[in-house]
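Asks: what shape does this take:
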Amino acid sequence: MNTLRVIMAALLGLLLVSPTASAASQYERQYERYVALGDSYTSGPGIPWPRLDRLACYTSTNNYPAWLADNLGLPSYTDGSCGGADTTNMLQPQTPPLPFGTHPPQFSFLRADTDLVTIGIGGNDFGVFGTLTSRCPELRSSDPTGSPCRNEFTVNGVDTMQQKVAMTGDRVRAVLSGVHERSPDAKVVLVGYPRIVPPTGTCPNVLPIADGDLRWLDEVEQALNNALETAANADGRTTFVDMYPASLGHDACAGQSAWIQGKDNNLLAAIKYHPFKAGMVGVANEISKTLGARATAGKREMPRSIAKSVIGDKSTVTRLTKAGAGR
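Replies: Reported below is the predicted structural model:
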């Protein structure tokens, strides 16, 4: 009698537990062939440690594609992102940040059986990001509490940066169409940019930009994210992940909570004005939540999706520094 009770209890336990375990296992394998496309906010230059197989693009082993693959239970993924990329580099080869040949068009990484694509692109189009992060600090001394940078880029009453951002949205919509054409069955996720500037206050030691220009830069970034969201909505087959609200309290001025590096290059953390590992983990977890997957990125030292054979170290960073990384 006791034996029968034990058997019945074991069978009941299987009935209660098996469906849940099976569903979890099945979900983790919902996506098998993941491809990441994007610029340096995807590739993660300066975040330890660089990938030995993608040194030209200074791609990190701790970028958000690696952690997203980890969250999805994928043993591997394809990373086509590269620092400095803009929307034209989806179809055209790119001269990467480090002069080790050329980086192929990012669409070349897509296949007909690709089932998940993330894209983080747009900030480099028309030189917006690079122009603002280089020119605005130069102008601060001329009017520390004013908006000298905004004034310089306002022509005949037209904010030329906002104008360029609007045009970027049209380019991104074309990119999304190109992804669907090459990977028609893929789930496509367009990733927005995390906030760089705090909603209030300043931190000139980290962001040496005039007070008024800080607010303007924030407006330009919000306009860029709005343009990306509009492109995703117009496409109708793309999910937009808005990292701007998700990164509240993690801007470059947030100290230990910052997801973004400030004005100084740190080739053992992040290059200037780019995400730290914490920022990449935050993006991976936000995408995971959007996909309905677990959001546990960053719990390990290194994503399991990264092969040990491609993980660089401090000596790799030294070589990259000599080659001009971070300049």
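Asks: helix/strand/coil for P303?
Replies: Three-state call for P303 (DSSP: H, G, I helix; E, B strand; the rest coil): coil.
Asks: list the residues that contact it.
Replies: Going by Cβ atoms under 8 Å, 6 or more residues apart in numbering, P303 touches 61-62, 66-67, 69-70, 297. Bear in mind the C-beta positions are built from the backbone N, C-alpha and C, glycine included.
Asks: and with 6 Å instead?
Replies: Going by Cβ atoms under 6 Å, 6 or more residues apart in numbering, P303 touches 66-67, 70.
Asks: for it, give me the pLDDT.
Replies: Predicted confidence (pLDDT) for P303: 94.
Asks: do the same with Y41
Replies: At Y41, the pLDDT value in this model is 98.
Asks: what's across from the nearest residue to it once chain neighbours are set aside in the sheet?
Replies: In this structure, Y41 finds its nearest non-sequential neighbour in G120, 5.3 Å apart by Cβ to Cβ, 6 or more residues apart in numbering. Per DSSP bridges, residues listed as beta-bridge partners of G120: G38.
Asks: pull the number of nearby residues for G120.
Replies: By other Cβ atoms under 10 Å, 27 other residues sit near G120.
Asks: look up how far R150 lies from it.
Replies: 26 Å (Cβ to Cβ, to the nearest Å).
Asks: what's the answer for G38, then?
Replies: Per Cβ to Cβ, G38 is found 28 Å from R150.
Asks: higher neighbour count, these two?
Replies: With neighbours defined as other Cβ under 10 Å, G38 and R150 compare such that G38 has more, 27 against 21.
Asks: test my guess that that one contacts G122.
Replies: No. Contact criterion Cβ atoms under 6 Å: G38 and G122 do not qualify, at 9.3 Å.
Asks: what's in contact with the strand or helix carrying S134?
Replies: For S134, the host element (DSSP states H and E) is helix 128-139. Outside helix 128-139, the residues that touch it by Cβ under 6 Å, 6+ apart are 123, 148-149, 161, 164, 208-209, 213, 273.
Asks: now stretch 149-161
Replies: With contact meaning Cβ under 6 Å, 6+ apart, stretch 149-161 is reached by 128, 136, 139, 213, 216, 220.
Asks: so which of those residues wins on neighbours?
Replies: D213 (29 neighbours).
Asks: which residues touch it?
Replies: 136, 147, 149-150.
Asks: need the contact list for the residue most central in space within the chain.
Replies: For the chain, the residue nearest the mean C-alpha position is T42 (3.4 Å; Cα atoms, centre = their mean). The contact partners of T42, by Cβ under 6 Å, 6+ apart, come to 81, 120.
Asks: quick one: F240 is in a helix?
Replies: No. F240 sits outside any helix when classified using three-state DSSP, being strand.
Asks: from D39, how far off is V172?
Replies: Between V172 and D39 the computed distance is 12 Å (Cβ to Cβ).
Asks: the nearest residue to L248 once chain neighbours are set aside and G279: what is the separation?
Replies: Leaving aside its sequence neighbours, L248 sits nearest to R195 (Cβ to Cβ, 6+ apart; 6.9 Å). According to Cβ to Cβ, R195 and G279 sit 10 Å apart.
Asks: any chance of the contacts of helix 128-139 in JSON lines, plus secondary structure, pLDDT and distance to S257?
Replies: Below are these laid out as JSON lines (DSSP: H, G, I helix; E, B strand; the rest coil; pLDDT from 0 to 100; distance: Cβ to Cβ, whole Å):
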{"residue": "G123", "secondary structure": "coil", "pLDDT": "98", "distance to S257": "22"}
{"residue": "P148", "secondary structure": "helix", "pLDDT": "98", "distance to S257": "29"}
{"residue": "C149", "secondary structure": "helix", "pLDDT": "98", "distance to S257": "26"}
{"residue": "M161", "secondary structure": "helix", "pLDDT": "98", "distance to S257": "28"}
{"residue": "K164", "secondary structure": "helix", "pLDDT": "98", "distance to S257": "31"}
{"residue": "P208", "secondary structure": "coil", "pLDDT": "98", "distance to S257": "20"}
{"residue": "I209", "secondary structure": "coil", "pLDDT": "98", "distance to S257": "20"}
{"residue": "D213", "secondary structure": "helix", "pLDDT": "98", "distance to S257": "23"}
{"residue": "Y273", "secondary structure": "coil", "pLDDT": "97", "distance to S257": "17"}
